[in-house]
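Chemist: Sequence below, structure please.
(one chain, ligands or ions: 1)
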Amino acid sequence: MAVARPVLVSGNWKMHANHFEALKLVQELAALFRAGGVPEGREVSLHPPFTSLRTVQTAVESDHVPVALGAQNCHYEERGAFTGEVSADMLAKLNVAYVIAGHSERRTLFGESDAVVRRKVDAIVGHGMCPIVCVGESLEQRRAGQAADHVRRQVLDALSGRAPETIGRLVLAYEPIWAIGTGETASAEDAEEMCALIREEVGKLAGPEASQSVRIQYGGSVTPESAGALLSAENVDGLLVGGASLDAERFAAIVRAGA
Ligand code: PGA
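Modeler: Coordinates of the predicted model:
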């Protein structure tokens, strides 16, 4: 039986927007969502850099902007001598709802292993937040026909051994590395194929209920032009948007695409 999964459109601001710029962006979005609303069955999360989180939280809560607060990363330890790091508890106390874990930029530029991503997922879930677990293959892996195996392994490494109820509430993001920030969006067919494969893998791990309720986003050069087709794919339950989320008009258009 088909399950209606709420679509989640997430704006990953990466290392953009100091807190002045963040306030401006969230106010622009607030005005757009006030005027046009967020379509029914869709949710939005904003993932500013750490230094802008409190500013965005205050603006969202005081103006009742219909968006959830998100973070881009966290450390897996509770507290301690980890200079420069931010814990899941610190994020939870700011009413952060979604935390990205294992973004490919973290994996490739900052050496995050699958084991580290797994521990981050533990910490995020342990603090009652929802991880957005990113998986995706490189261009070399795709060319060598290894994309499916690589993505399956990343899903397994992050999720195996968890309760089906926990897995069913997670968000996964399929982000092919060759599509991130390159302007080369995956076709809706390619995104659907991999998101379906991820759902199948979740089903093997955690059973049919979890596989029907887990949400799977696509990410990689999403634009207002490509968003509608991507969101209409059966197994694509949302979008993780980088560059286009820094422009309020473009992001709002993505949130509304095809609705
Ligand atoms: P992009 O980034 O939309 O700029 O390609 C997506 C992401 O990395 O989450």
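Chemist: For the rest of this, base every contact and every neighbour count on C-alpha atoms.
Modeler: OK.
Chemist: What parts of the stretch 101-250 of the chain come near the ligand?
Modeler: Neighbours of the ligand within the stretch 101-250 of the chain, by C-alpha under 6 Å from any ligand atom: 180-181, 219-222, 240-243.
Chemist: now the strands for this structure?
Modeler: For the chain, applying DSSP state E gives strands covering 7-12, 42-47, 68-71, 96-101, 130-135, 171-174, 215-219, 238-241.
Chemist: would you turn those into CSV with distance to D157 and mean neighbour count?
Modeler: As requested, the strands of the chain are exported to CSV (distance: least, C-alpha to C-alpha, whole Å; neighbours: other C-alpha atoms under 10 Å):
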stretch, distance to D157, mean neighbour count
strand 7-12, 23, 24
strand 42-47, 24, 21
strand 68-71, 22, 25
strand 96-101, 13, 26
strand 130-135, 11, 26
strand 171-174, 13, 26
strand 215-219, 17, 29
strand 238-241, 21, 27
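Chemist: distance between the ends of stretch 73-83?
Modeler: 15 Å (C-alpha to C-alpha, to the nearest Å).
Chemist: who touches it?
Modeler: Stretch 73-83 has contacts (C-alpha atoms under 8 Å, 6 or more residues apart in numbering) with 85-89, 99-102, 116, 119-124.
Chemist: Tell me the one of the residues you listed nearest A227?
Modeler: In terms of C-alpha to C-alpha, no member of these lies closer to A227 than I100, at 20.1 Å.
Chemist: Count the residues that sit near the nearest residue to A92 once chain neighbours are set aside.
Modeler: Spatial nearest neighbour of A92, chain neighbours left out: H127 (6.4 Å); criterion: C-alpha to C-alpha, 6 or more residues apart in numbering. Around H127 there are 18 other residues, counting by other C-alpha atoms under 10 Å.
Chemist: Which residue ranges of the stretch 51-200 of the chain form helices?
Modeler: 88-92, 104-109, 114-126, 139-143, 147-159, 164-168, 188-206 (DSSP state H, counting those that start in this stretch).
Chemist: which of the residues in the third one are buried?
Modeler: Judged by neighbour count using 16 or more other C-alpha atoms under 10 Å, the buried positions of helix 114-126 are 114, 116-125.
Chemist: quick revisit: tell me the one among the residues of the stretch 101-250 of the chain next to the ligand nearest to E21.
Modeler: Nearest to E21 among those, with distances taken as C-alpha to C-alpha, is G243, at 14.8 Å.
Chemist: Cool, thanks, talk later.
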